[in-house]
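**Q** Kindly return the folded structure for what I paste below:
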Amino acid sequence: MSAVPAEIAGIGSTQQKLRVSPGFDPLKAAVGPQEYFVLSRIDGLQTLRDVLLTTGLPVERAISIVQRLRAIGALLIPGETAAPAPKTEGSGVGPPLGHAAVAGKGTGATPAVRAVPPTAPVTGPSGLRRSANHQPAHEASELDPEHDLTLPGATTSELAALREDNALDDAIRRRILAMARLADGRDPWALLGLASGADARQLKRAYFRLSKEIHPDRYFGQQLGSFAHRLPTVFEAMSRAYARLTSPDRPRATPQAGKAEQPQTPQEYAAELFDRACALEVSGDHLDAMKLFAAAVRVDSQPRYLRRAASCALAAGQPKSAVEYAKKAHSLAPNDPSSARLLAAAFRSAGKLSDAEEVLVMAMALKSENDILTSELRNDLAEVRRLLAQ
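**A** Predicted coordinates for the structure are as follows:
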């Protein structure tokens, strides 16, 4: 299916603007990475059709994710004040779509985990050796601390880097140096620590794991020595490799491609930072997510990025940062009641109840066709005034 249908079973018209249920907890619902990716794009402002088209996923895949999110109580359709009760086991709702389960053929087939033979040792063009392992398919060949990672034929510069007095441990240094050998794009698979032909799930797992480990913002303010220059280079090369291997608009690259990719645009880089921040946020790692949100908005200060950063800051117990992000988002979209409501929540968290009241009063005066949002603003205002009266 390449076109978005006019209606979706269980949801209705794709011209509706869905909202995330205020009481929905992605962690308790065990939402997978792709599901959260789609969930993060549902903001009550875009139509469902626009959401499906902007996820970058095949339309059928995106629709199945939205249907499951609806089934587990994550989404509200216009006119609803509460999500329907989540469906229980046996109702046809499968496991989180980010998990390694593959449905069998036919109706009602039981999901089955694919069996993949153990991966053989891989030697990249750089001479980097990765030992074989006997893990399940979703972990095969990924670079992790348990793998044998050496630097055969280390150069004088590499040896000097390993002896530096800096904040990085030996395993991280070796990983960065090994990846730097492949930063020219000759072998994007090896750069991600994977055998050629790894599937999309393996690619995503390797990318997120390495991103969390070697993102420059993780070591902000620390003494890194020569790695202060190597880290950004390796991280950007890894991001380009991931984009190259997962792009739906061009063939999958092979180690023989022989041509390095062009650098990402700032907007593409910011989008990747934002997506990874969302994944960290849903996993409960709010502080690391905050670092990536901060990096994303420094590159591209979209209202959507700023709103998500503000929400994460609230969850992380950082009201000052939440106020700063929410103020910027509101200044870029002053007629958006949702942005105003978020700013009021940030003010309230920071103990600035009078400011929260002022913002909510102004938001109530804005034109909105969303009766649910108007009701929520009214309830928020009543609560703030109750607190002010104490």
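
**Q** Low-confidence stretches in the stretch 1-150 of the chain?
**A** Counting by pLDDT under 70, the low-confidence segments of the stretch 1-150 of the chain come to 1-2, 56, 83-150.

**Q** Could you pull out the strands in it for me?
**A** Secondary structure of the stretch 1-150 of the chain (DSSP state E, counting those that start in this stretch): strands at 7-8, 12-13, 19-20, 75-76, 122-123, 129-130.

**Q** so what's the residue nearest the centre of the chain closest to, chain neighbours aside?
**A** Geometric centre of the chain, nearest residue: D275, 2.8 Å, by C-alpha atoms, centre = their mean. Excluding its sequence neighbours, the residue lying closest to D275 (C-beta to C-beta, 6 or more residues apart in numbering) is F37, at 6.4 Å. Backbone N, C-alpha and C define where each C-beta goes, glycine included.

**Q** Can you report how many residues neighbour that neighbour?
**A** When neighbours are defined as other C-beta atoms under 10 Å, F37 has 22 of them.

**Q** swap in D165?
**A** 6.

**Q** so L224 is in which element?
**A** Assigned by DSSP states H and E, L224 belongs to no helix or strand.

**Q** measure the residue nearest to it when sequence neighbours are not counted to F235 for me?
**A** Once flanking residues are discounted, L224 sits nearest to N166: 5.2 Å by C-beta to C-beta, 6+ apart. Look at N166 and F235: by C-beta to C-beta, to the nearest Å, they are 17 Å apart.

**Q** Looking at these two, which is more packed in?
**A** Between N166 and F235, counted using other C-beta under 10 Å, the more crowded position is F235 (22 against 16).

**Q** Output the contacting helices and strands for the helix or strand encompassing that one.
**A** Secondary structure from DSSP H and E places F235 in helix 227-246. For helix 227-246, the packing partners by 3 or more C-beta pairs under 8 Å, 6 or more residues apart in numbering; DSSP states H and E come out as helix 170-180, helix 188-191, helix 200-214, helix 266-282.

**Q** Buried ones in the last one, by neighbour count?
**A** Neighbour-count burial for helix 266-282, counted by 16 or more other C-beta atoms under 10 Å, picks out 269-282.

**Q** again with the first one
**A** Judged by neighbour count using 16+ other C-beta under 10 Å, the buried positions of helix 170-180 are 172-180.

**Q** How many residues are close by A316?
**A** Neighbours around A316, by other C-beta under 10 Å: 18.

**Q** With adjacent residues omitted, what lies nearest to it?
**A** Computed as C-beta to C-beta, 6+ apart, the closest residue to A316 that is not its neighbour in sequence is H286, at 3.7 Å.

**Q** contacting residues around the one you found?
**A** Counting by C-beta atoms under 8 Å, 6 or more residues apart in numbering, H286 makes contact with 280, 312, 315-316.

**Q** Is it possible to get CSV of these that adds distance to K291, secondary structure and pLDDT?
**A** Converted to CSV, the contacts of H286 look like this (distance: C-beta to C-beta, whole Å; DSSP: H, G, I helix; E, B strand; the rest coil; pLDDT from 0 to 100):
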residue, distance to K291, secondary structure, pLDDT
L280, 9, helix, 76
C312, 10, helix, 90
A315, 14, helix, 88
A316, 11, coil, 89
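
**Q** Could I get those in CSV, plus columns for distance to G10?
**A** Listed next are the contacts of H286 as CSV, based on distance: C-beta to C-beta, whole Å:
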residue, distance to G10
L280, 30
C312, 30
A315, 30
A316, 34
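
**Q** Just the closest of those residues to E383, please.
**A** Distances from E383 to the contacts of H286, taken as C-beta to C-beta, are shortest for A315 (19.0 Å).

**Q** What sits closest to that closest one if chain neighbours are left out?
**A** Among residues not flanking A315 along the chain, H286 sits closest, at 5.3 Å (C-beta to C-beta, 6+ apart).

**Q** For the one you found, what are phi and psi?
**A** When quoted as degrees, to the nearest 10, the phi and psi of H286 stand at phi -70, psi -40.

**Q** what residue ranges in the stretch 201-350 of the chain score low on pLDDT?
**A** Counting by pLDDT under 70, the stretch 201-350 of the chain contains low-confidence ranges at 248-264, 282.

**Q** now with 90?
**A** The model of the stretch 201-350 of the chain has pLDDT under 90 over residues 201-305, 307-308, 311, 315-316, 333-341.

**Q** would the residue nearest to L224 count as being in a helix?
**A** No: counting by DSSP: H, G, I helix; E, B strand; the rest coil, N166 is not found in a helix; it is coil.

**Q** I'd say it and G225 touch.
**A** Yes: using C-beta atoms under 8 Å, N166 is in contact with G225, at 4.1 Å.

**Q** which of the buried residues of helix 170-180 lies closest to G351?
**A** For the buried residues of helix 170-180, the nearest to G351 is I172 (40.1 Å; C-beta to C-beta).
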